[in-house]
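A.B. asks: Okay, structure incoming, though there's no sequence with it:
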């Protein structure tokens, strides 16, 4: 891929990650409301902290490109689970849209899972992409 | 592994496409409501039909992998525009969530746009057909030249 395409992948990853960093941070800042929301769908409130941390850490991993493949798979599962647990009341149009948007995000993460390779990522930089570049040039 | 990745990407494309195909048909089914929703944010109601058809066509194109890069870029822009126009009331947590979700969708489309080509798609089928045509033509050209030399 050209460096422009690589840059587009990086921007795409940051945009995909933003919601998880922001909403994870929001959950940490207001953990009681998060617990109540989680309890409203019949899940144990003790999940609030783990979920909040998972969102922030997974979001950061995707943004910087660290364990991209497996983080993308974990977030695919997370988006599908939250769609099924929190957005199943389809009589409400907003719930239906949110269900579908979660599926769409899951689709984005699946594509990232299938193609995690990226020049502008921590894993590539740590693997030493400088040594590989003369070969491709 | 490449085959599996291509198949996973196809499932991903199907999940992405679903929202737009369903939302597009929903808009067609209630075009007056769509027009009212659009005029609510100051856009001309006449956009309802073009937007509904764009959503269906673009969704199907992503699903089947037809001009994937073009439609992925168009949908990335579409998601960002709709986020800015319809979900900018951040006082409402639901609006904020929808804004961020649209931004995330745009990110997914940008990643799809960045790849040179996706497998399991009409694009890859057409590319393969083009390759076989080239392979079939080449010997004919070679034969012509040798006969001329003789």
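C.D. replies: The structure has been received and is ready for your questions. Just so we're clear, the structure is a prediction, and the values are computed from it rather than from any experiment.
A.B. asks: residue in chain B nearest to chain A?
C.D. replies: Residue of chain B nearest chain A, by CB to the nearest CB: residue B:108 (2.3 Å). Placement of C-beta: from N, CA and C, glycine included.
A.B. asks: for that residue, helix, strand, or coil?
C.D. replies: Following DSSP: H, G, I helix; E, B strand; the rest coil, we place residue B:108 in the helix state.
A.B. asks: Disregarding residues adjacent in the polypeptide, which is nearest to the residue in chain A positioned nearest to chain B?
C.D. replies: Taking CB to the nearest CB, chain B has its nearest neighbour within chain A at residue A:108, 2.3 Å off. Computed as CB to CB, 6 or more residues apart in numbering or on different chains, the closest residue to residue A:108 that is not its neighbour in sequence is residue B:108, at 2.3 Å.
A.B. asks: And residue B:18, by the same measure?
C.D. replies: Per CB to CB, 6+ apart, closest to residue B:18 is residue A:103, 5.9 Å.
A.B. asks: And the helices in chain A, which stretches?
C.D. replies: Using DSSP state H, the helices of chain A run over A:3-29, A:31-40, A:48-64, A:68-86, A:93-114, A:122-127, A:129-136.
A.B. asks: Looking at those helices, which is nearest to residue B:48?
C.D. replies: Residue B:48 lies closest, by CB to CB, to one member of these: helix A:93-114, at 16.3 Å.
A.B. asks: other SSEs contacting that closest one?
C.D. replies: Judged by 3 or more CB pairs under 8 Å, 6 or more residues apart in numbering or on different chains; DSSP states H and E, the packing partners of helix A:93-114 are helix A:3-29, helix A:68-86, helix B:2-29, helix B:93-114.
A.B. asks: Pull out the buried positions in that helix.
C.D. replies: Residues of helix A:93-114 classed as buried: A:96-114 (neighbour count, 16 or more other CB atoms under 10 Å in any protein chain shown).
A.B. asks: Can you read off the pLDDT for residue 34?
C.D. replies: Picking chain A for this. On the pLDDT scale, residue A:34 is placed at 92.
A.B. asks: nope, chain B please
C.D. replies: 92.
A.B. asks: Could you do the one 10 residues further on as well?
C.D. replies: Per-residue confidence at residue B:44 stands at 90 (pLDDT).
A.B. asks: quick one: it and residue B:38 touch, right?
C.D. replies: Yes: with contact defined as CB atoms under 8 Å, residue B:44 counts as touching residue B:38 (7.2 Å).
A.B. asks: so how far does stretch B:104-122 reach from one end to the other?
C.D. replies: In stretch B:104-122, first residue to last residue: 26 Å (CA to CA, to the nearest Å).
A.B. asks: Give the buried residues for that stretch.
C.D. replies: Neighbour-count burial for stretch B:104-122, counted by 16+ other CB under 10 Å, picks out B:104-115, B:118-121.
A.B. asks: quick one: low-confidence parts of the chain?
C.D. replies: Defaulting to chain A. Residues of chain A that meet the criterion pLDDT under 70 lie in A:129-137.
A.B. asks: oops, I was thinking of chain B
C.D. replies: B:1-2, B:133-150.
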